[in-house]
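Enquirer: Here is my input, please return the structure:
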Amino acid sequence: LNQEGRLTAVKAVQTMLPIADALATAHAKGVIHRDVKPENVILATDEDGRSQPKLLDFGIASLQETSKRVTQEKRLTREGSVVGTPAYMSPEQAMGKEGLDHRTDVWSFAVMLYELTTGHLPFDADNYNALLYEIIHQPPQPSTRYAAGDAALWRILEVGLNKNPE
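Expert: This is a model prediction of the structure:
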């Protein structure tokens, strides 16, 4: 983003597919990242010069264990605290809700894809509280407003950025 600016929709989706795969793998193991953002993605270069995005920094991740109808979340952070990077927080994360699951990472992933394709964050404000208010209450502008992708991509982003985690 800093070097090239926004990406074409195709390039952005191609770039994000390995991150989606990494998240799916983590989620299958019960690991919720909780801080998916561009700063936690590096572009590693292989010996053939190809870039491979890698998801880093599971420092505030949580582990969900399921056993006999009881779901218990092991946290590395204090209960009820708001963790994550504000612009990429899901509404439930911004409200400090407990029991976050994989859907909070899906939200953050959608924020990154939106930003990659439009060059803008879907929610932006002058201060922390105003930003959290926007994330919790305001709808994002359609990505098509920025000539970023097509209506099909916007529908995918719209689902990922839905305020209701269901």
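Enquirer: burial count for the residue lying closest to residue 16 once chain neighbours are set aside?
Expert: Once flanking residues are discounted, residue 16 sits nearest to residue 113: 5.4 Å by CB to CB, 6 or more residues apart in numbering. Backbone N, C-alpha and C define where each C-beta goes, glycine included. When neighbours are defined as other CB atoms under 10 Å, residue 113 has 27 of them.
Enquirer: OK, contacts around residue 113?
Expert: Counting by CB atoms under 8 Å, 6 or more residues apart in numbering, residue 113 touches 12-13, 16, 157, 160.
Enquirer: State the pLDDT value of residue 133.
Expert: For residue 133, the model assigns a pLDDT of 96.
Enquirer: likewise the one 3 residues further on?
Expert: As predicted, residue 136 sits at a pLDDT of 96.
Enquirer: ok, the residue nearest to it when sequence neighbours are not counted - contacts?
Expert: Nearest residue to residue 136, sequence neighbours excluded (CB to CB, 6+ apart): residue 91, at 4.8 Å. By CB under 8 Å, 6+ apart, residue 91 lies in contact with 107, 135-136, 163, 165.
Enquirer: hey, where'd the helices end up in the chain?
Expert: Here the chain has its helices, by DSSP state H, at 9-28, 91-94, 102-118, 128-137, 151-160.
Enquirer: Tell me which of the ones you listed sits most buried.
Expert: Stretch with highest mean neighbour count among the helices of the chain: helix 102-118 (a mean of 24; mean count of other CB atoms under 10 Å).
Enquirer: among the helices and strands of this structure, which has the poorest mean pLDDT?
Expert: Counting by mean pLDDT, DSSP states H and E, the chain has its least confident helix or strand at strand 70-74, which shows a mean of 39.
Enquirer: quick revisit: state the distance from the residue nearest to residue 16 to residue 133.
Expert: For residue 113, the distance to residue 133 (CB to CB, to the nearest Å) stands at 23 Å.
Enquirer: And residue 19, by the same measure?
Expert: Look at residue 19 and residue 133: by CB to CB, they are 28 Å apart.
Enquirer: And the residue nearest the centre of this structure?
Expert: For the chain, the residue sitting closest to the mean C-alpha position, by CA atoms, centre = their mean, is residue 108 at 1.4 Å.
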